[in-house]
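S.K.: Build the 3D model from these lines:
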Amino acid sequence: MAPRYRVTLTQEERDRLEVLTRGGKIAAAKFVHARALLLSDAGPHGDPWKVADVAQALGVTSRTIEHLKARFVEEGIEAALERKASTKVPKLTFDGAFDARLTALACSPAPEGRARWTVRLLAEKVVELRIAPKVSTMSVQRSLKKTRSSLI
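M.R.: A predicted model of the protein is given here:
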């Protein structure tokens, strides 16, 4: 079965990858990717290794090499060398200003028809007042617990 993606490096790309792998400080993942591309080169200047051999030599899986080759063919050498940016949304962290506003809200009179604030009511009010775009009841509880308040 023929390889799905074929890496063919130009002489300039090959020289760049060799410089990266021969000296200086470089991130480990970038080194492995550069070395894998050099070993996978099926161009006129390279002697391509099998995917399994490259993976074993570099201590990674064959799937990693296949993904690297695909990224190189589809997006270029920069995308293959650099780590892909995360698409995961960063977790919200609340600072002292959030804690202060939440404590002030919890110390204010309870909503009409309620004897006191609940953690759920506080979480809903924080979002309503746009103190935070969203907040869980556990975040509210932890924040109030930090103040050693008798409100929770």
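S.K.: Please make it C-alpha for all contacts and neighbour counts, starting now.
M.R.: Noted.
S.K.: In the chain, where is pLDDT below threshold?
M.R.: Flagging of the chain using pLDDT under 70 yields the residue ranges 1-3, 149-152.
S.K.: all strands of it, in order?
M.R.: Using DSSP state E, no strands are found in the chain.
S.K.: Domain-wise, how is it divided?
M.R.: 11-81, 96-145 (automatic domain parsing).
S.K.: With distance to Pro90 and mean neighbour count as added columns, please give the ones you listed in a markdown table.
M.R.: Formatted as a markdown table, these follow (distance: least, Cα to Cα, whole Å; neighbours: other Cα atoms under 10 Å):
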| stretch | distance to Pro90 | mean neighbour count |
| --- | --- | --- |
| domain 11-81 | 22 | 16 |
| domain 96-145 | 13 | 15 |
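S.K.: ok, now which ones touch the most far-flung residue of the chain relative to its centre?
M.R.: Ranked by distance from the centre of the chain (Cα atoms, centre = their mean), the top residue is Gly113, with 45.3 Å. Residues near Gly113 by Cα atoms under 8 Å, 6 or more residues apart in numbering: none.
S.K.: Nearest residue to Leu17 in space, please, no chain neighbours.
M.R.: Nearest residue to Leu17, sequence neighbours excluded (Cα to Cα, 6 or more residues apart in numbering): Ala34, at 5.5 Å.
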